[in-house]
Structures are given as C-alpha cells and as structure tokens.
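**Q** coordinates only, no sequence provided:
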C-alpha cells in the first residue's frame with residue numbers, strides 16, 4: 001500500500017546557536033520530542049560552503065566543529081504542515097527544502 005509523505009531537508013552547521021542551546025538540538029527536540037515526527041536523520045558533512053561562500057572541511061590535523069549538517073525528516077503531509085511553521089521560526093531563510101514523496 002502506497003503512502004503519501006512530505007520530505008523536508010534542512011541545512012545547518014554544527015556551531016549554529018538557537019535560542020537556548022545548539023540549533024541542531026533545538027530542531028531535534030522540536031521534531032522528535034514535541035511532535036513525534038515519524039523519521040528524523042542528521043547527516044554530518046565532511047566539507048561544505050556556508051551562506052557567505054566560506055569553505056568548511058574536516059582536517060586530520062585539527063578538529064573543526066563547524067561542519068555542515070543536514071537534517072532530513074518525513075511524515076504524513078498534515079504532520080509536516082503542522083510542524084513546518086515552527087521549524088521555520090528556528091532556521092534562517094532559504095535553508096529548508098520540501099517535496100512530496102510516496103512510500104512503497
């Protein structure tokens with residue numbers, strides 16, 4: 001049986017701060033603890049560029065704690081529609097992508 005879903009992808013960096021704590025923790029708390037979104041995954045990049053075009057990369061000789069993060073989650077469209085305005089309050093403009101998908 002096919003199920004319609006909405007997939008959301010959010011682009012952050014490790015060092016970004018939210019209102020009370022690290023932004024990634026605020027997003028995860030919102031998605032999992034408060035709204036019980038079906039599936040949430042965080043990917044840590046080894047390199048990337050930020051809003052200003054500055055390159056960030058993992059290096060064997062130093063520990064960089066400002067690497068790119070991608071948060072991806074999906075759920076039924078009504079669940080995503082309910083949580084997305086709250087996520088948008090936390091995340092800078094232009095860093096959230098959404099699309100429709102079908103689970104098979």
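**A** Sure thing, it's come through. Small disclaimer: the values here were computed from a predicted structure and weren't measured. Numbers count the residues shown, from 1 in each chain.
**Q** sheet-wise, list the partners of the longest strand along the chain with their directions.
**A** When secondary structure is assigned using DSSP state E, the longest strand within the chain turns out to be strand 3-13. Here strand 3-13 is paired, per DSSP bridges, with strand 68-75 (antiparallel), strand 96-103 (antiparallel).
**Q** which other residues reach it?
**A** By C-beta atoms under 8 Å, 6 or more residues apart in numbering, the surrounding residues in contact with strand 3-13 are 23-24, 27, 50, 56, 66-77, 80-81, 84, 87, 91, 95-103. C-beta: built from backbone N, CA, C; applies to glycine.
**Q** check stretch 89-104 too.
**A** Stretch 89-104 is contacted by residues 2-12, 18-19, 23, 26-27, 30, 51, 74, 77, 80, 84, 87-88 when judged by C-beta under 8 Å, 6+ apart.
**Q** pLDDT wise, what is the residue lying closest to residue 69 once chain neighbours are set aside at?
**A** Closest residue to residue 69 in three dimensions, ignoring its sequence neighbours and counting by C-beta to C-beta, 6 or more residues apart in numbering: residue 12, at 4.6 Å. Per-residue confidence (pLDDT) for residue 12: 91.
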